[in-house]
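Participant: Sequence plus the predicted model coming up.
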Amino acid sequence: MLNGWKMKSNEGVSVEVVVAPSSEHLPLVMSKLGKDVHVAAQDCWVEKGGAFTGESSAEQLAGLGISYVVTGNSDRRLILKESNEVVAQKCAYALSKGLKVILCMGETLEEREAGNTMKVCEEQLQAVQAAIGQGDWENLVIVYEPVWAMGTGKVATPEEAGKVHLEIRCWLTDQISNEVGEITRIIYGGSVTAANCEELARQDHVDGFLVGEASLKPEFIDIIVNSAMVKEEEGQECYI
Ligand SMILES: O=C(CO)COP(=O)(O)O
């Protein structure tokens, strides 16, 4: 997962990157990456810490110096059955503790085939709107991660991804504000590789990527640099 590390690559392009290791590796990764690289937790608890064995609270994460937390990852929505409301509660609480939130959303194959992609995304967004109102959206990064493209090698075509990103941006503009619609980073996740990142990055509303499997391979650097170069050519920033 990248997003937040404002770096200058050897090629001279700038890109923001956040790395989201598993919780047991957070302090180690923070100490190794230095202050230019933001580190995200992969999840947090819905409210103030207490007797919730095994969960990490937003306070604990903020206390470690972590600036971002991922919420609503498809693994948690599907396997752990986290509802839209639970994800929204996590967003609201993490934001209230000063963390930036990387909010994942997207449809299953069944939902896509039924023509419900945007309905699903809107319901996920509406739950967050109900939890945080009109405030604090500037501290949210949205990840469109279609479940059917997750770790499957099936990637949304650039047009498919670009269309959903545009629709999410229109929802933000209509429901929150013009400014939020304009500034919110909407990044794509789902089988992103060095081979497909440039074409995806050419889509206007694809602002960067959430990279899973390929982030564990050397090609990760190519994804960062090549995506950033595409965005720079188009006068835009890149977030990975
Ligand atoms: O969004 C993702 C994981 O949540 C992406 O994972 P992959 O890149 O492995 O498909």
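Facilitator: Sure thing, it's come through. Numbers count the residues shown, from 1 in each chain.
Participant: What backbone torsions are found at the residue lying closest to residue 209 once chain neighbours are set aside?
Facilitator: Once flanking residues are discounted, residue 209 sits nearest to residue 192: 4.7 Å by CB to CB, 6 or more residues apart in numbering. Heads up, the C-betas are built off the backbone N, CA and C, glycines and all. Torsion angles at residue 192 (phi, psi; degrees, to the nearest 10) stand at phi -80, psi 130.
Participant: do residue 198 as well
Facilitator: Here is the backbone geometry of residue 198 (degrees, to the nearest 10): phi -70, psi -40.
Participant: pLDDT score assigned to it?
Facilitator: Per-residue confidence (pLDDT) for residue 198: 97.
Participant: With residue 37 instead?
Facilitator: Looking at residue 37, its pLDDT reads 80.
Participant: Over to residue 142. Which of the three states is it?
Facilitator: With DSSP: H, G, I helix; E, B strand; the rest coil as the basis, residue 142 sits in strand.
Participant: so who does it touch?
Facilitator: 103, 105, 168, 184, 185, 186, 187 (CB atoms under 8 Å, 6 or more residues apart in numbering).
Participant: Now do the lengthiest helix in the chain against strand 140-144, angle only.
Facilitator: Here the longest helix in the chain is taken by residue count, with DSSP state H as the criterion, and it is helix 158-175. Using axes from the mean of the first three to the mean of the last three CA atoms, to 10 degrees, the direction of helix 158-175 lies 140 degrees away from that of strand 140-144.
Participant: let's number from 35 now, not from 1
Facilitator: All set: I'll call the first residue 35, so the last point we hit is now helix 192-209.
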